[in-house]
Structures are given as C-alpha cells and as structure tokens.
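Undergrad: Curious how this folds, go ahead:
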Amino acid sequence: MSIPQSGGGPIEDHSQLAELLEKGCKPKADWRIGTEHEKFGYCQDSHKPLPYEGERSIKAVLEGLRDGFGWTPVLEGPHIIGLEKDGANVSLEPGGALELSGAPLETIHQTCDEVNTHLAEVKEVSDRLGVKFIGLGAAPEWRHEDMPLMPKGRYQLMNDYMEKVGTMGTAMMRRTCTVQVNLDFGSEADMVQKLRVALALQPVATALFANSPFFEGQVNGHKSWRSRIWRDLDADRTGMLPFVFEDGFGFEAWVQYVLDVPMYFVYRDGRYINALGMSFRDFLKGELPALPGEKPLLSDWADHLTTVFPEARIKQFIEMRGADGGPWRRLCALPAFWVGLMYDQTALDAAWDLCKGWSAEQREALRVAASVDGLQAQVEGIKMHALAREVVDICESGLKARARVGAGGMVPDETHFLNALKESIETGQTPADELLDCYNGEWNGDLSRIYDAFSY
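TA: Numbering: from 1, shown residues only. Sure, this is the predicted structure:
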C-alpha cells in the first residue's frame, strides 16, 4: 500500500490535476522498472500470522532490518511502519504482509539482484526470530479474526469503509499478496496504448501467476482466489475500466474517473483525517465536510490517486496489478513479462494487435475465467493457454530487442527471466496447479505442509 505523498502547493486550476500525471512522461532512455512484491510472515512453529508487536513480530523484523542492514525507519506516531534505503522501501500491508517496493532500476537483472538481496536480509533476520515468510496470492488457512490490523491510520479508515462496500474488502486488506511492476511512458499517446494493453492482457498475467487455490483451509474452486476477492471489493474503484478503450481517452479522462471515486482520507500533520465517502470535487470547491473551507494541495490529489485499485492504474507511471504473489522465480518473471511487452514498440504494437478487437464483455469474461481456471480458461473461442503462449512469445521478442546484458556481459539479454512462464506454458501447470497436485497427492490433504514446502 502507498505511503503519504508530499510536495506541491495548493491546487489553483483544474488543469493541474492532469498535469501531475503528464509530468510522468519520460524519454525512453529514462524508462525504469520498479518491482513490488508482498509476502506473508508467520511463526515457524505454530504457523500463526505475525502480530505487530512482540518477540516474534512484524516490528521485530523491521527493527532487525534497520539494525542489521542500514535501513532508515519510517514512523507513524510511535510506530515503525516501514523502512527506506537507496530509493527502495519496505512497508506493511494492512494484515502485516511485508512488501518490498523496489527502486526504479534500468534492467531486470538489477531488479532480480535487488529481490535476492532483500530476501536474503529478511531470511537472516527472520531465522533468528523463529519467523518465516511465504509467497502466495492468498493466506491458505488464516481467518479474518486471526489477522491483526497494522497501526497505520490509513488502514483503520480503509477497514471501516471496506466493511460497508462490497463483501471482500477486508479479506483483500489482510489476506492477499501480489507482485506488480511499475513502468514508465513517453507521452500521453504512449500511456494510452500501454494502459489499454495492460488492462486487456492483465487476465493473462492472472492466469500465469495464479497461486491461491486455498482459503480458510479449503480448496476454494479458483486458481487465483486473490483475483476473485478483487472482483467483489468496491465497484467504485476496481475493475477493467471500459472507458480507457473509448476514443479520446487520455490524462483528463483518467482525472474525471478518479474524481468520481469516493475519498478515504486527507493527510495532515502526520494524521489521517476521515473523509470516507466524500467527494474530491467538493474538496476542489472548498466544500469538503472533513475540512470545511479548505482547498486541496497537489499532495492530496496524489494521495487520492493511490486509492483507486483497477487491474492497472496510472499515476506518474503505470502499475500492473493482476498477479498473485509467489515463489522467487515468479518475482523476476513478472517484470520480464510486462517489460517485454511494454518497452519495445514492435512488441507493444503486436500485443495491441492481439487484443484490440476484444469487447469490454470479453475482457471482463477473461478476467473472471482466469481467476477460476487459470491457463485452462476459455472465453468465446479464446483459449487462455494458447493466448498466453502467444503473449509470452511477444514478451521474449521484446526482451531480445532490448538486449540488456547482465552478469558482467555474460548474459546477452533478459529473456531467461521468462523461463518460469515458458515452463508453465509447456506443462499447462501454474503455481496453483502445482499446489493442488501436492495437496491431493503427497500432502494427503494436509495443508499445513505448504509452509515448509513453499516458504522463502
């Protein structure tokens, strides 16, 4: 989840809202890769989720990273709620999942090095504490009442609101994990093409990275239960956004969409002020009930942009949000998947040619089918397995065209980061399928074996 935004004075003209987004436009030489991944922490002996405080806790892990590896703490009141170092940050999801938000890097080789370093640091700290971390899309056994809510004002407000909209908002907050990548755009037209491809092909990512077939100790009937949760969370701020595919879409259309999303909060002097369900349009007029007579700052608008949760979203970059959290190889494969599609124009054009004829109904049906059936999904003659094969082929061509070398020049490009996905395509097996095979086979229905088998 995002941290409070800063910078920028009062909003004096409506045009500033779109201009904030437009400032994200960068020349291709400056495009970067920012990878984020979340993982569940638990006590090694009991398999119970970590509380915030105590000998074995999220706080103890954060303090261990701070003291052992030079991270700078981020505080909210008296509580340590994150860490910062070298352009990256470690933060807490509402239920205590630990997230690395990586620095903006030039290559996937660098991203993978960053992930390796982070997981090694976390393992060194957690091993001393009797704590483990596991990468899954949804908590396999834990129930709502098992999950603590982290001491962040934003989360308390969100929790209260989530209980009033949809049916699965608090489950998303406490019991799901994702891996996502943030990518740049060069112009408004480039943003439009990339966002359309990102939304249309997000179900392919959901299928390939599906890794949450269990929930509350049971097989749940979905390959990606995390994706299922997002489908019934809050209709005002989630989904596949058909308007993005309409003629004339651009930064201003995104502004109009976000303005219609009800607010969560306003951040002032280190405190989150309750603005649940209120209107940013009223805020622009100085008529926000939470702050009567006060008009918003650009930082308020930047904060509000972080409270929309569609399958892909724009800020000053594009976030790809459709994949389950998972094993190490998938953490590097996710940026490889999207960089291959997005950062080479020939590949981007090919990806758009693949999906531009789909209707809004087909895109939504693919989203649902990917959640339920993963690579076995079918929608109106579109077979996900064949589609994924074609998309990954485009990814590979895009990465070859980038030709970003690694390992001191020994590795000619970034294509090997797709190997986990290519194996899934060849076998038809996603991580969810592998988990189900274990559960129905050698585990003999004992879901507790997932922790030893799949923890980092």
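
Undergrad: C-alpha from now on. contacts and neighbour counts both.
TA: Will do.

Undergrad: Next, the buried residues of stretch 271-287.
TA: Within stretch 271-287, the residues that count as buried by 16 or more other C-alpha atoms under 10 Å are 272-276, 278-281, 283-284, 287.

Undergrad: Need those residues in JSON lines (columns: distance to G153, secondary structure and pLDDT).
TA: Below are these laid out as JSON lines (distance: C-alpha to C-alpha, whole Å; DSSP: H, G, I helix; E, B strand; the rest coil; pLDDT from 0 to 100):
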{"residue": "Y272", "distance to G153": "6", "secondary structure": "strand", "pLDDT": "95"}
{"residue": "I273", "distance to G153": "9", "secondary structure": "strand", "pLDDT": "96"}
{"residue": "N274", "distance to G153": "9", "secondary structure": "strand", "pLDDT": "97"}
{"residue": "A275", "distance to G153": "12", "secondary structure": "coil", "pLDDT": "97"}
{"residue": "L276", "distance to G153": "13", "secondary structure": "coil", "pLDDT": "96"}
{"residue": "M278", "distance to G153": "17", "secondary structure": "coil", "pLDDT": "97"}
{"residue": "S279", "distance to G153": "20", "secondary structure": "coil", "pLDDT": "97"}
{"residue": "F280", "distance to G153": "19", "secondary structure": "helix", "pLDDT": "98"}
{"residue": "R281", "distance to G153": "23", "secondary structure": "helix", "pLDDT": "98"}
{"residue": "F283", "distance to G153": "20", "secondary structure": "helix", "pLDDT": "98"}
{"residue": "L284", "distance to G153": "23", "secondary structure": "helix", "pLDDT": "98"}
{"residue": "E287", "distance to G153": "23", "secondary structure": "coil", "pLDDT": "97"}
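
Undergrad: Against which helices or strands is the helix or strand hosting T117 packed?
TA: Assessed by DSSP states H and E, T117 sits inside helix 108-129. Packing partners of helix 108-129 (3 or more C-alpha pairs under 8 Å, 6 or more residues apart in numbering; DSSP states H and E): strand 33-43, helix 58-69, helix 328-342.

Undergrad: any chance of these in CSV, plus mean pLDDT, mean neighbour count and distance to V258?
TA: Shown next, in CSV, are the helices and strands packed on helix 108-129 (pLDDT from 0 to 100; neighbours: other C-alpha atoms under 10 Å; distance: least, C-alpha to C-alpha, whole Å):
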stretch, mean pLDDT, mean neighbour count, distance to V258
strand 33-43, 98, 25, 23
helix 58-69, 98, 20, 33
helix 328-342, 97, 25, 24
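
Undergrad: is it true that G408 lies in a strand?
TA: No - G408: not assigned to a strand; according to DSSP: H, G, I helix; E, B strand; the rest coil it is helix.

Undergrad: measure it to D303 for me?
TA: To D303, G408 is 40 Å away according to C-alpha to C-alpha, to the nearest Å.

Undergrad: Flag the shaky bits of the stretch 351-456 of the chain, pLDDT-wise.
TA: Within the stretch 351-456 of the chain, no range satisfies pLDDT under 70.

Undergrad: Would you state the helices of it in chain order?
TA: 360-373, 384-402, 419-427, 431-440, 449-454 (DSSP state H, counting those that start in this stretch).

Undergrad: before we move on, what about the stretch 51-200 of the chain?
TA: Under DSSP H, counting those that start in this stretch, the stretch 51-200 of the chain gives helices at 58-69, 108-129, 153-162, 169-175, 188-208.

Undergrad: Packing partners of the last one?
TA: Here helix 188-208 is seen to pack against strand 312-314, strand 318-324, helix 345-355, helix 360-373, helix 384-402 when contacts are counted using 3+ C-alpha pairs under 8 Å, 6+ apart.

Undergrad: Including mean neighbour count and distance to D127, could these go into TSV?
TA: Output for the helices and strands packed on helix 188-208, formatted as TSV (neighbours: other C-alpha atoms under 10 Å; distance: least, C-alpha to C-alpha, whole Å):
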stretch	mean neighbour count	distance to D127
strand 312-314	24	35
strand 318-324	27	25
helix 345-355	18	43
helix 360-373	22	34
helix 384-402	21	37
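
Undergrad: Which of these sits closest to K48?
TA: strand 318-324 (21.0 Å; C-alpha to C-alpha).

Undergrad: Touching, G221 and G374? I think so.
TA: No - under the criterion of C-alpha atoms under 8 Å, G221 makes no contact with G374, lying 11.0 Å away.

Undergrad: More neighbours: which of G408 and D303?
TA: Between G408 and D303, D303 has the larger neighbour count (other C-alpha atoms under 10 Å), namely 21 against 7.

Undergrad: so the more buried one is in which element?
TA: Assigned by DSSP H and E, D303 falls in helix 298-305.

Undergrad: helices or strands next to that helix in the packing?
TA: Using 3+ C-alpha pairs under 8 Å, 6+ apart, the elements in contact with helix 298-305 are strand 265-268.

Undergrad: mean confidence score for the strand it packs on?
TA: Strand 265-268 shows a mean pLDDT of 96 in the predicted model.

Undergrad: Identify the residues contacting it?
TA: Outside strand 265-268, the residues that touch it by C-alpha atoms under 8 Å, 6 or more residues apart in numbering are 4, 154, 157, 272-276, 300, 303.

Undergrad: Buried residues, the strand or helix carrying Q16. List them.
TA: Per DSSP H and E: Q16 is located in helix 15-22. Under the neighbour-count criterion of 16+ other C-alpha under 10 Å, helix 15-22 has 17-18, 20-22 buried.

Undergrad: which stretch among the helices and strands packed on helix 188-208 comes nearest M147?
TA: strand 318-324 (19.3 Å).

Undergrad: Kindly calculate the angle that that closest one makes with helix 360-373.
TA: 40 degrees (axes from the mean of the first three to the mean of the last three C-alpha atoms, to 10 degrees).
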